[in-house]
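Asker: Quick one, fold the following:
(chains A and B)
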Protein chains: 2
Amino acid sequence: MTQRLIIRNGLFAQLQEGLAQTTIKGYMVVEQDRIVYIGETLPEVYEQGEVEYIDGKGLFFMPGLINTHGHAAMSLLRGYGDDMVLQSWLQEKMWPMEAKFTGNDVYWGTALSVIEMLKGGTTLFVDMYDHMDQVAKVSEESGIRAALMRGAIGLCSEDVQRMKLNEAVQFAKDWNGQANGRITTLLAPHAPYTCPPAFIEKFVEAAHELDLMLHTHMSETAAEVEQNVKEYGLRPVAHLEKLGLFSRPSFIAHGVHLNDEEIATLAKHNVGVSHNPGSNLKLASGVARVVDLQRAGVVVSLGTDGAASNNNLDMFEEMRLAALIHKGVSGDPTAVPAADAMRMATVNGARTLHMNDVGLLQVGMKADFIAVDIDQPHLYPHTDLVSHMVYSASAKDVQHVWVDGNQVVKNGECLTMDEERIKHEAEQCFRNLLER
Amino acid sequence: MTQRLIIRNGLFAQLQEGLAQTTIKGYMVVEQDRIVYIGETLPEVYEQGEVEYIDGKGLFFMPGLINTHGHAAMSLLRGYGDDMVLQSWLQEKMWPMEAKFTGNDVYWGTALSVIEMLKGGTTLFVDMYDHMDQVAKVSEESGIRAALMRGAIGLCSEDVQRMKLNEAVQFAKDWNGQANGRITTLLAPHAPYTCPPAFIEKFVEAAHELDLMLHTHMSETAAEVEQNVKEYGLRPVAHLEKLGLFSRPSFIAHGVHLNDEEIATLAKHNVGVSHNPGSNLKLASGVARVVDLQRAGVVVSLGTDGAASNNNLDMFEEMRLAALIHKGVSGDPTAVPAADAMRMATVNGARTLHMNDVGLLQVGMKADFIAVDIDQPHLYPHTDLVSHMVYSASAKDVQHVWVDGNQVVKNGECLTMDEERIKHEAEQCFRNLLER
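Answerer: Now for the predicted structure:
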């Protein structure tokens, strides 16, 4: 890490609400892990002392992308089962393979995902899985920022439930604030349909005790909502509200099937929704009511979900899907404009995680930012670069990535991870899983 | 062009209907402009004489992508107007700028699109625009295969109508079969709502006389269908049928708003549909009934439409959108499986254009094919490569491209066009259009 980094002649995304312009041209100064200046001219004081300069020509700088829902290790199952009915996909393909996952599989699967995410401009990812120590280890080594939790399915004996809760709590205690503060931990009962009410309550209790956020899957499919009503006499939002989940800072993944009352309840408790358009389309879960959620004041962010149901971790694609499908389905071409989609993938991710120092290029923020190569045919002419990022760009256009002030991707190459080794080991893990 | 090209150790897409496997591993041999062999072993005879070898390791070979609807020169307006209501977008943004387009603008706008398409694996594109001599010139110079037509809007005096028809016919005569047979010409009344019936009939007559295919926009929006009924007492399909358009080999773009009867009529006349999912979503036109069209036997191919309403020309993205949205909207995760989406982007494009020697990797076909770099994190593990192409890859993953046996893209660089000059001139054209 240089003492001071100055980007000159750069174009910078400005996504703060209410600004007249979404880009400014000029300078950005980073000291240690923070953005200390951004503006059209450069005050002389910053040129004193040890300085590393970067020429911003041909680049567009924007906040690092924030992926608010996923299961990184599932990249080992990318393309292993597609175009199938959800229950067959889970029962015949995913669950039997996942049951065989060891810590080693989770390590290499996560590494495969993290290198894809870093190279594609994701600087902060949320992960809910098993063997979370391995996920934390990859996060620490790679330099990415991470919000991690052991996802616990409670369809098991009370003994096993207790073991899982203890594991989740222990992981949360061990890793919170680790990796120079880049790792945040949460608690996560997997979903209302996979966790008995008493089990969920235990997580709520622990979250209060440890002052942690909660995250869970909710209302991804219509069937699961129906089942909730049948089993507990309540729709999932009222059910989780009753169990106290929303008494903690919390956010849910999917939220595809919500009625007006449920949207109002989520807004009232400031519960964020991680919108996963790619996964929801691929699994035919439906189209979330994103416009209505936003109108009600719910913070909507974007997630890729696991690579087995996406099948990549390209947050540019999620931005684009969010901007496109809500127009096409509602018939309103002004729905989810480009800057809104980019906010979902950046600052809204930060707000979802109750982090107030990432997600924007702004003085005081952590230096989590990316540079996109705009000197390419598909990004000409240079009319509106925020629009180009949302409607035309892809993960492959990312040139440089910084997290916490450290450059982790340079000219498209990851500086912190061994790509050749990761590709080899991930392929091996998959082959071994097939044979085990 | 070498006498003979042999790809060894390659993985090849096999999209012929009814095959058990969608990929084979082995060898492909190209002589001049044709595929002469494909198989698991290499017969000795091919190793005699002058041979260029390519090592297929880390590459996936598939047919060149076929983009069946677009307006290449509109890339000059990429990002110039987004997230707007269709009529304001057209009247305030697109039409005033397009009215100022000169031949020079069309040349550089088309060049910008063609280099994006070639680099992204598109080897054949359909283009409907004005100043078509310029589009043909770019096609000839770049080495791409093209199906071109002057799109004629008939909302003008009979004199101007006559001039446009003559221009369209002259262009079609001048360029059909040119560029070593890479250019095919068609005739194209723009749309039922922009062309009076008598004007459309003149195009049908000319198409019969010159033995050319017809192409038109149809039923893109609900409003235009309503207007057709109000004005002519018929929905667009019956209207065009009555005017004789389907008496010629023909295909339509969009076809978003179709009833069952219309779908049956299209099937009866073997009229192809160019499905443009990205554009239809962005302009909030709706979601075409692709599954129903295919079930009825209509050939559905994929198009990007112009870059102003997409906003890129990435056919991998169109494949992915086609595979995703029809699942999400129908609730059926088995709708449009990966191999089907890839067929839409390749062999179905060929069938739409009544070309029987492109669109498949098969003996006797023209050597229009591409190699995708699969040695990248987001394409591991190597489970199902057809799935990876549809659900995980993007235009940027294309490594090499051949058209008509000639390599036009090598290691991601276009060999036939001057990329730096094109980017510069396209930017200049846009700046000049703003000032004119």
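Asker: measure stretch A:226-244 end to end?
Answerer: Terminal residues of stretch A:226-244 lie 21 Å apart, using CA to CA, to the nearest Å.
Asker: what comes into contact with it?
Answerer: Residues outside stretch A:226-244 that contact it (CB atoms under 8 Å, 6 or more residues apart in numbering or on different chains): A:192-193, A:197, A:200-201, A:204, A:216, A:218-219, A:224-225, A:246, A:252, A:258-259, A:261-262, A:265-266, A:269. In this view, the C-beta of every residue, glycine as well, is placed from N, C-alpha and C.
Asker: Just the buried ones from those?
Answerer: Among the contacts of stretch A:226-244, those classed as buried by 16 or more other CB atoms under 10 Å in any protein chain shown are A:192-193, A:197, A:200-201, A:204, A:216, A:218-219, A:224-225, A:246, A:252, A:258, A:262, A:265-266, A:269.
Asker: count of neighbours near A:Arg78?
Answerer: Other residues near A:Arg78 come to 33 when the count uses other CB atoms under 10 Å in any protein chain shown.
Asker: Test my guess that it contacts A:Ser309.
Answerer: No: contact between A:Arg78 and A:Ser309 fails when scored by CB atoms under 8 Å: they sit 9.5 Å apart.
Asker: Determine if any part of the helix or strand hosting A:Gln87 is in contact with chain B.
Answerer: For A:Gln87, the enclosing helix or strand under DSSP states H and E is helix A:86-88. Yes: using CB under 8 Å from any CB of the partner chain, helix A:86-88 reaches chain B at A:Leu86.
Asker: mind listing what's buried in that helix?
Answerer: So, applying 16+ other CB under 10 Å, buried residues of helix A:86-88: A:Leu86.
Asker: Check stretch A:329-339 too.
Answerer: Buried residues in stretch A:329-339, defined by neighbour count with 16+ other CB under 10 Å: A:Val329, A:Ser330, A:Pro333, A:Ala335, A:Val336, A:Pro337, A:Ala338, A:Ala339.
Asker: Also near chain B: which of those, exactly?
Answerer: Contacts with chain B within the buried residues of stretch A:329-339, as defined by CB under 8 Å from any CB: A:Val329, A:Ser330, A:Pro333, A:Ala335, A:Pro337, A:Ala338.
Asker: contacting residues around the last one?
Answerer: Shown in contact with A:Ala338 (CB under 8 Å, 6+ apart): A:Ala323, A:Asp384, A:Val386, A:Ser387, A:Met389, A:Val390, A:Tyr391, B:Asp82, B:Asp83.
Asker: same deal with the third one?
Answerer: The neighbours of A:Pro333, taking CB under 8 Å, 6+ apart as the test, are A:Lys327, B:Asp83, B:Met84, B:Val85, B:Leu86, B:Trp89, B:Lys282, B:Leu283, B:Ala284.
Asker: Of all the residues you listed, the one with the weakest confidence?
Answerer: Lowest pLDDT within those is found at B:Leu86 (82).
Asker: can I assume that residue is in contact with B:Leu283?
Answerer: Yes: contact criterion CB under 8 Å: B:Leu86 and B:Leu283 qualify, at 5.6 Å.
Asker: hey, what's in contact with both of the two?
Answerer: A:Pro333, B:Thr221.
Asker: Which of the helices or strands spans the residue of the stretch 151-300 of chain A at minimum distance from chain B?
Answerer: Per CB to the nearest CB, the residue of the stretch 151-300 of chain A with the smallest distance to chain B is A:Leu281, at 3.4 Å. Per DSSP H and E, A:Leu281 falls inside helix A:277-282.
Asker: gap between that helix and the chain center?
Answerer: 15 Å (CA atoms, centre = their mean, to the nearest Å).
Asker: got a list of contacts for that helix?
Answerer: Taking CB under 8 Å, 6+ apart as the rule, helix A:277-282 contacts A:82, A:220, A:254, A:256, A:285-288, A:302-306, A:309-311, A:317-318, A:321-322, A:325, B:323-325, B:327-328, B:333, B:391.
Asker: hmm, 6 Å instead?
Answerer: A:Val256, A:Asp305, A:Ser309, A:Asn310, A:Glu318, A:Leu321, A:Ala322, A:Ile325, B:Leu324, B:Lys327, B:Gly328 (CB atoms under 6 Å, 6 or more residues apart in numbering or on different chains).
Asker: Name the nearest residue to the last one, sequence neighbours excluded.
Answerer: Take B:Gly328 and drop its neighbours on the chain: the residue closest to it by CB to CB, 6 or more residues apart in numbering or on different chains is A:Leu281, 3.4 Å away.
Asker: How many neighbouring residues does the one you found have?
Answerer: Using other CB under 10 Å, A:Leu281 has 25 neighbouring residues.
Asker: Which residues of chain A lie near chain B?
Answerer: A:79-80, A:82-83, A:85, A:112, A:115-116, A:281-284, A:287, A:311-312, A:324, A:327-328, A:331-334, A:337-338, A:377-378, A:380-381, A:383-384, A:387-388, A:391-392, A:394, A:396, A:423, A:426-427, A:430 (CB under 6 Å from any CB of the partner chain).
Asker: Which PyMOL command selects the buried ones in those?
Answerer: Filtering those down to the buried ones (16+ other CB under 10 Å) takes a single PyMOL command:
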select buried, chain A and resi 79+80+82+83+112+115+116+281+282+283+284+287+311+312+324+327+328+333+337+338+377+378+380+381+383+384+387+388+391+392+394+396+423+426+427+430
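Asker: Which members of the residues of chain A next to chain B occur in helices, if any?
Answerer: A:112, A:115-116, A:281-282, A:324, A:327-328, A:338, A:387-388, A:391, A:423, A:426-427, A:430 (DSSP state H).
Asker: Having no further points to raise, I will conclude here.
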